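Colleague: Structural data only, the sequence is not supplied:
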């Protein structure tokens with residue numbers, strides 16, 4: 001039931017997390033992966049110290065009817081919570097568009113959320129064979145790319161985004177990833193440059209972009225109908 005959704009944080013207003021709409025972001029608690037550059041490690045445990053009651057979230061949204069246009073379920077990994085589809089339905093009943101930020105950690109759970117979603121920001125962590133070094137979880141690439149296939153089959157509006165830390169990525173890998181995405185029909189691709197500072201793996205340090213990065217950005221702008229470079 002939606003009343004059991006575990007929300008670990010709330011951004012009350014953003015213009016960045018749902019394309020073209022004023023939105024809030026609900027950070028759902030819990031994640032099964034341990035991405036080394038994760039900058040929300042407090043959301044990894046299934047239960048957090050600062051959870052917000054779901055009824056308080058609904059009350060907030062009722063006060064914002066006519067002001068906000070969308071609510072985005074982020075994480076952590078929101079689809080790991082069985083309560084997510086019901087929570088999405090409740091938000092939609094209030095008149096909001098529903099967004100989802102997800103890496104599709106469990107394809108079946110991801111598929112259950114898709115019918116309740118108007119737009120998805122999908123995290124493609126890396127090529128499947130490179131993902132374990134990022135997530136710390138064996139066979140995570142298989143799940144990530146299967147969920148991407150489900151998203152493309154669903155027809156739900158979306159963008160694909162890849163977070164790049166230059167200690168974990170190089171230009172050749174990123175180019176191969178982009179080419180594969182475009183070959184699958186992806187039209188909107190975002191490269192997110194990983195933040196320095198608070199992150200799960202303290203051994204990752206700020207690393208400048210390698211020589212040739214600017215040229216690759218030009219290639220990707222030509223390759224995708226919509227390409228964007230942003231900070232994660």
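Modeller: Done, it's in. Remember, predicted model here, so these are calculated numbers, not experimental data.
Colleague: Run a quick neighbour tally on the nearest residue to residue 145 once chain neighbours are set aside.
Modeller: Spatial nearest neighbour of residue 145, excluding adjacent residues (CB to CB, 6 or more residues apart in numbering): residue 128 at 5.0 Å. Glycine gets a C-beta too; all of them are placed from N, C-alpha and C. Using other CB atoms under 10 Å, residue 128 has 19 neighbouring residues.
Colleague: which residues does residue 128 contact?
Modeller: The contact partners of residue 128, taken as CB atoms under 8 Å, 6 or more residues apart in numbering, are 141, 142, 144, 145.
Colleague: any idea which of the residues you listed is closest to residue 92?
Modeller: Nearest to residue 92 out of the contacts of residue 128 is residue 144 (CB to CB; 26.3 Å).
Colleague: How is the most centrally placed residue in the chain assigned, secondary-structure-wise?
Modeller: In the chain, the residue lying closest to the centroid (CA atoms, centre = their mean) is residue 101, at 3.4 Å. When classified by DSSP: H, G, I helix; E, B strand; the rest coil, residue 101 comes out as strand.
Colleague: What pLDDT is listed against it?
Modeller: Note on residue 101: pLDDT of 98.
Colleague: Thought residue 121 was touching it, still the case?
Modeller: Yes: Residue 101 lies in contact with residue 121 (CB atoms under 8 Å); the separation is 4.7 Å.
Colleague: shared neighbours of these two, anything?
Modeller: Applying CB under 8 Å, 6+ apart, one finds that residue 101 and residue 121 are jointly contacted by 17, 72.
Colleague: same for the top helix by length along the chain, what does it pack against?
Modeller: Longest helix in the chain by number of residues (criterion: DSSP state H): helix 140-154. Applying 3 or more CB pairs under 8 Å, 6 or more residues apart in numbering; DSSP states H and E, we find helix 140-154 packed against helix 107-113, strand 119-123.
Colleague: what packs against the helix or strand just after that helix?
Modeller: For helix 140-154, the succeeding helix or strand toward the C-terminus, using DSSP states H and E, is strand 157-164. Here strand 157-164 touches strand 119-123, helix 171-183, strand 188-193, going by 3+ CB pairs under 8 Å, 6+ apart.
Colleague: Pipe those into TSV and attach distance to residue 224 and mean pLDDT per row.
Modeller: TSV is the format used below for the helices and strands packed on strand 157-164 (distance: least, CB to CB, whole Å; pLDDT from 0 to 100):
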stretch	distance to residue 224	mean pLDDT
strand 119-123	14	98
helix 171-183	6	97
strand 188-193	5	97
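Colleague: Minimum distance to residue 222: which of those has it?
Modeller: Once the helices and strands packed on strand 157-164 are compared by CB to CB, helix 171-183 is nearest, at 10.5 Å.
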